[in-house]
Structures are given as structure tokens and as C-alpha cells.
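Asks: just a sequence and a predicted model for now, questions to come.
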Amino acid sequence: MSHPGRWISLLPILALIPRLGLSVIAADRQDVAPETRALLLWWSSAALAALVGLAEIYVGATVVSRRHTGLALVWGTITALLNALIVPLSLSGLQAEPFWEILRSPALRVAWSAGLGLLSTLCVGGCLWADIAA
């Protein structure tokens with residue numbers, strides 16, 4: 001497959017469309033069946049997880065094969081940010097406490113959401129840069 005980073009970088013679209021759809025429906029004050037909402041959120045989460053996982057592998061492989069310093073910094077940032085975002089999820093599981101209870105304060109929720117957006121952006125940028133470097 002030529003230029004896999006281009007294909008990987010399309011995954012955020014699959015992650016955003018369901019959430020955007022739910023936001024528009026909510027703005028119109030329309031109801032969504034719980035099963036439909038769960039399916040759309042699952043689809044969005046799966047696409048985001050695929051993006052991050054594939055980006056880690058592709059950018060990391062390019063760093064190792066090309067010894068590219070700039071990409072190494074992007075890869076390290078992706079890895080560090082991913083690990084920081086996983087901490088509240090791990091705490092939620094270990095403490096058998098809902099995720100939103102771990103992120104009680106609005107500031108933590110905004111920071112976590114912003115981190116997730118930054119992670120997605122770094123993954124896309126890293127994949128496209130890795131295509132150029134390969």
C-alpha cells in the first residue's frame with residue numbers, strides 16, 4: 001500500500017461524523033434512541049482508537065527505519081499524550097467509578113477533551129509527515 005499515512009489520516013472523519021450528527025440532532029432538540037446513540041458513539045470511539053493505534057505503529061516504524069529526528073519528537077509526543085489521556089480511564093476501571101466522576105471538574109473535562117483533539121491532530125500530522133519522509 002502506497003502512502004498508508006494518507007489512508008490513516010482519514011480516520012478522524014469517521015470519528016467526527018457520528019458525534020457531529022448527534023450534536024446537530026441535540027441542537028434541534030430531537031431525541032435519539034439510546035441504542036442508536038450507543039452505536040454512533042461506539043463507531044466514533046473505534047475510529048479514533050484505530051487512528052491512534054495505526055499512527056503509533058506507522059510513525060514509529062518510519063522513525064526507526066529513517067532515523068528522523070522531527071518525527072521522533074512527534075512520535076514521543078503522541079505516546080506521552082496518549083498515556084496521559086489513558087490515566088483517568090485506568091483510574092475509572094481500577095476504582096470501579098464512572099469515567100465522568102474521575103473527571104468531576106469542568107476544567108479537567110475541557111483539558112481531557114482538548115488533549116484528545118490534540119492527540120488526533122498529532123496523529124494525522126505525523127502520518128502525513130511520515131508519508132513524505134518514507
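Replies: Nice, thanks for sending it over.

Asks: going forward, measure contacts and count neighbours with C-alpha atoms only.
Replies: OK.

Asks: next SSE after the lowest-mean-pLDDT helix or strand in the chain?
Replies: In the chain, the helix or strand scored least confidently by mean pLDDT, DSSP states H and E is helix 99-102, which has a mean of 88. Sequence-wise, the next helix or strand downstream of helix 99-102 (DSSP states H and E) is helix 106-133.

Asks: mind listing what's buried in that next one?
Replies: Neighbour counts over helix 106-133 (16 or more other CA atoms under 10 Å) mark 112, 115-116, 119-120, 122-131 as buried.

Asks: off-centre distance for the least confident helix or strand of the chain?
Replies: Relative to the centre of its chain, helix 99-102 is centred 19 Å away, using CA atoms, centre = their mean, to the nearest Å.

Asks: using PDB, list the CA coordinates for that helix.
Replies: Taking Å, rounded to 0.1, in the frame of the first residue of the first chain, the C-alpha atoms of helix 99-102 are listed here in PDB:
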ATOM      1  CA  PHE A  99     -15.300   8.000  34.000                       C
ATOM      2  CA  TRP A 100     -17.200  11.300  34.400                       C
ATOM      3  CA  GLU A 101     -16.800  11.000  38.100                       C
ATOM      4  CA  ILE A 102     -13.000  10.800  37.700                       C
END
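
Asks: elements contacting it?
Replies: helix 69-94 (3 or more CA pairs under 8 Å, 6 or more residues apart in numbering; DSSP states H and E).

Asks: list the buried ones in the helix it packs on?
Replies: Leu71, Ala72, Val74, Trp75, Ile78, Thr79, Leu81, Leu82, Leu85, Pro88, Leu89, Ser92.
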